[in-house]
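**Q** make a model of this:
(2 chains)
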Amino acid sequence: MPVPDSTTALRAERRGERRVLGLLLAVAVLAVVGFCVLGLKGNWEYALGVRARKIAAMVVVGYAIAFSSVLFQTVTNNRILTPSIMGFDSLFVLIQTLIVFLFGALVLTRLDGRLMFAVEVGAMVLFAGALYRWLFGRRSRDLYVLVLVGIIFGTLFASLSSFISRLIDPNEFVVLQDTYFASFNAVDTELLALSALLIVAVSGYGARLFRQLDVEALGRDYAVNLGVDHRAVVNRALIVIAVLVAVSTALVGPITFLGLLVANLARQLTGSVRHRVLVPAAALISVIALVGGQLVLEQLFGLDTTLSLVINFVGGAYFIALLIRESRR
Amino acid sequence: MTGRSTGDRSVADTRRPRAGTRCWQLLIAVPVLLALACGSLFVGVGSLTPQGLLAGHPDELLLLRESRLPRLIAILLAGAAMSVAGLIMIHVSRNRFVSPSTAGTTESASLGVLVATVLFGSASLLAKMAVAAVFALAGTFLFLALLRRITYRDMIVVPLLGIMLGGVISSVTTFFAYRADLLQTLSVWTSGDFSGVLRGRYELLWLAGAITLLGYLYANRFTVVGLGESFAINLGVDFDRVVNLGLVLVSVTTSVVVVTVGDIPFLGLIVPNLVTMALGDDLRRVLPVTALAGAFFVLLCDVLGRTIRFPYEIPVETVAGVIGSAVFIALVLKARKKVA
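**A** Model prediction:
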């Protein structure tokens, strides 16, 4: 971490950060406009409406994933963890399955979508909070054990979900299956608006933690010495993370490696450690990756909905590279 | 206890060998397995009872010959072969968290199956298996090549790398399966399930059984390799050759199992770890018990899957995934606690 030796250096650094952010914003806007306009045929009004909804979903999800990943990396104090890698996504699917198993599929169809959403997010926050308190609570745990245990928890949750879904009446299972495979193409407008509201509220709450998280990024001991209430900050951050992940998973399903990619790219591009810079940068990169990636896939290669696969491939390879680099030190 | 400080990590110093296999242990294990096996024959929707068999009822004999018996044999062979493959892998990589499912071998085999289907769709099962084996081998060697680039060979980093490699490979597989509209076919192949096993559709597994026997013949050499490269060379064992042989055996076994019944998660990881934990690391002594325990584990999971929701079936993959990942988490946390 560069230590600025004078105010001019600090000012230059801030200017650099602003320039990167501005550039990212420009590219993101370009991608969004391109996505709206390129290859538009037939009824403009209708097509634009469809595309706008798709973009709104991507922006909401991209923002949520970026925000939660940066916070998660700060709280766990390392750069190869993200909520998805730690099994948050599959935990969410498991909770959804459990709710259907316990109360029947009728709940899903008859109950108000918003109430269901609230129940799911609430259960998710409770379980995730308990689980990750347990995992991160002990100081001696080292990073790689955590990652491995997180990954295996992901497998356990996935297996449990498929186990429980087999116990569910086959007719009810059909209803449930629809909720597993949501994509950017079929996002409920009402839920989208609700999610956007929720995400804005939660990230507003999270943004108030930025300054403390900046200190937290120095490591637990430094943070405690500098007067940060470590436990409280971590707890609040975990709640914010759980809500954001729950919302994004509920909307479009898991995109495992996106968070890892954008959080690390944001750190590399901005060279900053301040969350006020990192989080917007990561969010913009996330939007560029999703909207731009989808644009390239659709227009250049004529493919559809395989974006998350491409991201998982690139992200997985990137993870291996990170792992090799980290373990060499 | 894990010898983190020593560069040349060996499997042997990670565990206290208490005792080898005793005769009486096998004398108990074999009848228990046999009893469960016989019992499993009578679990199913079609009516099959011991009385009917004794009376020589033709329908029941047919059911036994065409479905129940092949299924039982497939379960026993797949369970024994995969856990022995895992055991060999643990020795060859000298890391006890490495198995076909945590080194990219299983995922590569699935990719091979996909490639074989797309390129030579009409080819025989044996040809597909050969392609799968080549891919499995290539994937495993890629894993070892990546491993060589890591200087700090932590017990946990290695399987982490393998799991990620597996993830990358399976995203490639899913991508092309999606393009070729084979996604559903692929998931049917790769999810471990014995419900489709009938006479004439499982016989390749005998090959896996034969490879397991071959592994037994080479057991002593694998044990020596597990002690480390310098140690093995001092004892006059051609380290690289034995390692390569082990990888070939593991890859072929994995491909056979993936092609015929699909992937059973954690089987090659949990069973050998539990067995060596109890009995030590001498491969020749541990191998028969591992094979028996693997067969027992798969049989148990399959019977559970068949009875929990009776008219319907829960695939063995799901049951084994739940039990296996829980045990694995416990193993990892326990291993780390001892170090700390």
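**Q** pLDDT value on residue A:112, please?
**A** Per-residue pLDDT puts residue A:112 at 65.
**Q** max-length helix in chain A?
**A** Counting residues, the longest helix found in chain A (DSSP state H) is helix A:44-76.
**Q** which strands or helices does it pack on?
**A** On a contact count with 3 or more Cβ pairs under 8 Å, 6 or more residues apart in numbering or on different chains; DSSP states H and E, helix A:44-76 meets helix A:7-37, helix A:189-207, helix A:210-216, helix A:230-252, helix A:258-270, helix A:275-287. To be clear about C-beta, it is placed using only N, CA and C from the backbone, and glycine gets the same treatment.
**Q** rank the ones you listed by pLDDT, which is bottom?
**A** Ranked by mean pLDDT, the helices and strands packed on helix A:44-76 bottom out at helix A:230-252, which scores a mean of 82.
**Q** residue contacts, the residue nearest to residue A:65 when sequence neighbours are not counted?
**A** Nearest non-adjacent residue to residue A:65, counting by Cβ to Cβ, 6 or more residues apart in numbering or on different chains: residue A:259, 4.8 Å away. Contact analysis of residue A:259 by Cβ atoms under 8 Å, 6 or more residues apart in numbering or on different chains lists A:65-66, A:68-69, A:72, A:82-84.
**Q** check residue A:213 too.
**A** Applying Cβ under 8 Å, 6+ apart, the residues near residue A:213 are A:71, A:74-75, A:233, A:237, A:275.
**Q** separation between it and chain B?
**A** 26 Å (Cβ to the nearest Cβ, to the nearest Å).
**Q** about what we covered before: identify whichever of the helices and strands packed on helix A:44-76 lies nearest to residue B:220.
**A** Nearest to residue B:220, of all these, is helix A:258-270, at 43.8 Å by Cβ to Cβ.
**Q** now do that closest one against helix A:275-287, angle only.
**A** With axes from the mean of the first three to the mean of the last three Cα atoms, to 10 degrees applied, the angle from helix A:258-270 to helix A:275-287 works out at 120 degrees.
**Q** just the element for whichever residue of chain B sits closest to chain A, please.
**A** Proximity of chain B to chain A (Cβ to the nearest Cβ) peaks at residue B:321, 3.1 Å away. Using DSSP states H and E, residue B:321 maps to helix B:316-339.
**Q** return the distance of that helix from the chain's centre.
**A** 15 Å (Cα atoms, centre = their mean, to the nearest Å).
**Q** go through that helix and flag the buried ones.
**A** By neighbour count on 16 or more other Cβ atoms under 10 Å in any protein chain shown, the buried set for helix B:316-339 is B:316-329, B:331-332, B:335-336.
**Q** quick revisit: and the next helix or strand past the longest helix of chain A?
**A** Next element after helix A:44-76 (DSSP H and E): helix A:88-103.
**Q** alpha carbons only: can I get that next one in CSV?
**A** The C-alpha coordinates for helix A:88-103 follow below in CSV (Å, rounded to 0.1, in the frame of the first residue of the first chain):
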residue,chain,number,x,y,z
PHE,A,88,-23.7,-18.5,-0.2
ASP,A,89,-25.5,-19.1,-3.5
SER,A,90,-26.2,-22.8,-2.8
LEU,A,91,-27.3,-22.0,0.7
PHE,A,92,-29.9,-19.7,-0.8
VAL,A,93,-31.2,-22.4,-3.1
LEU,A,94,-31.3,-24.8,-0.2
ILE,A,95,-33.4,-22.4,1.9
GLN,A,96,-35.8,-22.0,-1.0
THR,A,97,-36.1,-25.7,-1.4
LEU,A,98,-36.6,-26.2,2.3
ILE,A,99,-39.5,-23.7,2.3
VAL,A,100,-41.2,-25.5,-0.5
PHE,A,101,-40.6,-28.8,1.3
LEU,A,102,-42.0,-27.6,4.6
PHE,A,103,-45.0,-25.6,3.3
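**Q** how about it and chain B, touching?
**A** No: remark: helix A:88-103 sits outside contact range of chain B, by Cβ under 8 Å from any Cβ of the partner chain, the gap being at least 10.8 Å.
**Q** excluding residues flanking it in the chain, which one is nearest residue B:87?
**A** residue B:272 (3.8 Å).
**Q** now the helices and strands packed on helix A:44-76 as JSON lines including distance to residue B:125?
**A** Formatted as JSON lines, the helices and strands packed on helix A:44-76 follow (distance: least, Cβ to Cβ, whole Å):
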{"stretch": "helix A:7-37", "distance to residue B:125": "45"}
{"stretch": "helix A:189-207", "distance to residue B:125": "46"}
{"stretch": "helix A:210-216", "distance to residue B:125": "56"}
{"stretch": "helix A:230-252", "distance to residue B:125": "38"}
{"stretch": "helix A:258-270", "distance to residue B:125": "38"}
{"stretch": "helix A:275-287", "distance to residue B:125": "45"}
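**Q** tell me if I'm right that residue B:327 and residue B:271 touch.
**A** No: the pair residue B:327 / residue B:271 is not scored as a contact, 9.5 Å apart, by Cβ atoms under 8 Å.
**Q** in the chain, which residue is closest to the centre?
**A** No chain was given, so I picked chain A. Residue closest to the average C-alpha location in chain A (Cα atoms, centre = their mean): residue A:65, at 1.8 Å.
**Q** that's the wrong chain, I meant chain B
**A** Centroid-nearest residue in chain B, with Cα atoms, centre = their mean: residue B:82, separated by 2.2 Å.
**Q** buried residues in the helix or strand encompassing that one, which are they?
**A** In this assignment (DSSP H and E), residue B:82 forms part of helix B:69-93. For helix B:69-93, burial by neighbour count (16+ other Cβ under 10 Å) applies to B:70-93.
**Q** same check, this time on stretch B:261-279
**A** Neighbour counts using 16+ other Cβ under 10 Å place B:261-277, B:279 of stretch B:261-279 among the buried residues.
**Q** again with stretch A:27-36
**A** A:27-28, A:31-32, A:35-36.
**Q** could those be laid out in a markdown table, adding distance to residue A:243?
**A** Shown next, in a markdown table, are those (distance: Cβ to Cβ, whole Å):
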| residue | distance to residue A:243 |
| --- | --- |
| A:27 | 28 |
| A:28 | 24 |
| A:31 | 27 |
| A:32 | 25 |
| A:35 | 27 |
| A:36 | 29 |
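**Q** of these, just say which sits nearest to residue A:150.
**A** Distances from residue A:150 to these, taken by Cβ to Cβ, are shortest for residue A:28, at 30.2 Å.
**Q** check which helix or strand whatever residue of the stretch 151-300 of chain A ends up closest to chain B maps to.
**A** Nearest residue of the stretch 151-300 of chain A to chain B: residue A:159, at 3.1 Å (Cβ to the nearest Cβ). In the assignment (DSSP H and E), residue A:159 maps to helix A:143-167.
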